[in-house]
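Visitor: Next input, structure requested:
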Amino acid sequence: MEENNNEEIKNVQNEIQEENGIKISNDVIAVISGVAVSEVSGVASMAGGFAGGISEALKGKKNLAKGIKVEATDKEAKIDVNIIVEYGSRIPDVAFEIQNRVKKSVENMTGIKVLEVNVHVQGVSTRNLNTEQDDTETENVEENNANQENNETND
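Guide: Next up is the predicted model:
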């Protein structure tokens, strides 16, 4: 049993040791990317898998790496971002802004060159659109009721 533990420790140490002594995890790159994406206007949410949604619900905290896949070597990274855009946003502009912010953030914070940032639009959110429409409909109904009451009292 002790030999297995020693082997695991050696494996972890080998991962950490490189030319410069620093190994940056793909999860760290994913979190940096997630924060950068969350700052982009027009992104309604990240599109993660079913498992990510369950773990987020169970843990009770937001998963900043949700919807992001990272393939990184010691010096280069390729990043895939899955998003849901807000209705009315110009998708090419949102995607371009995501690519720029993710690339800049990851390169500045890690020193790893970002070769690709692929943006996959998984859907369009109409959540805010529906609530605004419901509020407008409610106001119109109240206004019509008030008008009917005024008409009845005037007759």
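Visitor: Just give the nearest non-adjacent residue to residue 127, would you?
Guide: Nearest non-adjacent residue to residue 127, counting by CB to CB, 6 or more residues apart in numbering: residue 44, 7.1 Å away. From N, CA and C alone the C-beta is placed, and that goes for glycine too.
Visitor: Going by secondary structure, the one you found is in what exactly?
Guide: If you go by DSSP states H and E, residue 44 is part of strand 43-46.
Visitor: Spit out the contact partners of residue 101.
Guide: Counting by CB atoms under 8 Å, 6 or more residues apart in numbering, residue 101 makes contact with 36-37, 39-40.
Visitor: Helix, strand or coil: sort out it for me.
Guide: Per DSSP: H, G, I helix; E, B strand; the rest coil, the secondary structure class of residue 101 is helix.
Visitor: quick one: which of the contacts of residue 101 sit in helices?
Guide: Assigned to helices by DSSP state H, the following of the contacts of residue 101 qualify: 36-37.
Visitor: Tell me the one among the contacts of residue 101 nearest to residue 77.
Guide: residue 36 (13.1 Å; CB to CB).
Visitor: The closest one: what's it in contact with?
Guide: Contact analysis of residue 36 by CB under 8 Å, 6+ apart lists 98, 101-102, 104-106.
Visitor: where along this structure do the helices fall?
Guide: Secondary structure of the chain (DSSP H): helices at 2-16, 26-38, 50-59, 91-110, 127-154.
Visitor: Now do the buried residues in the strand holding residue 44.
Guide: 43-46 (16 or more other CB atoms under 10 Å).
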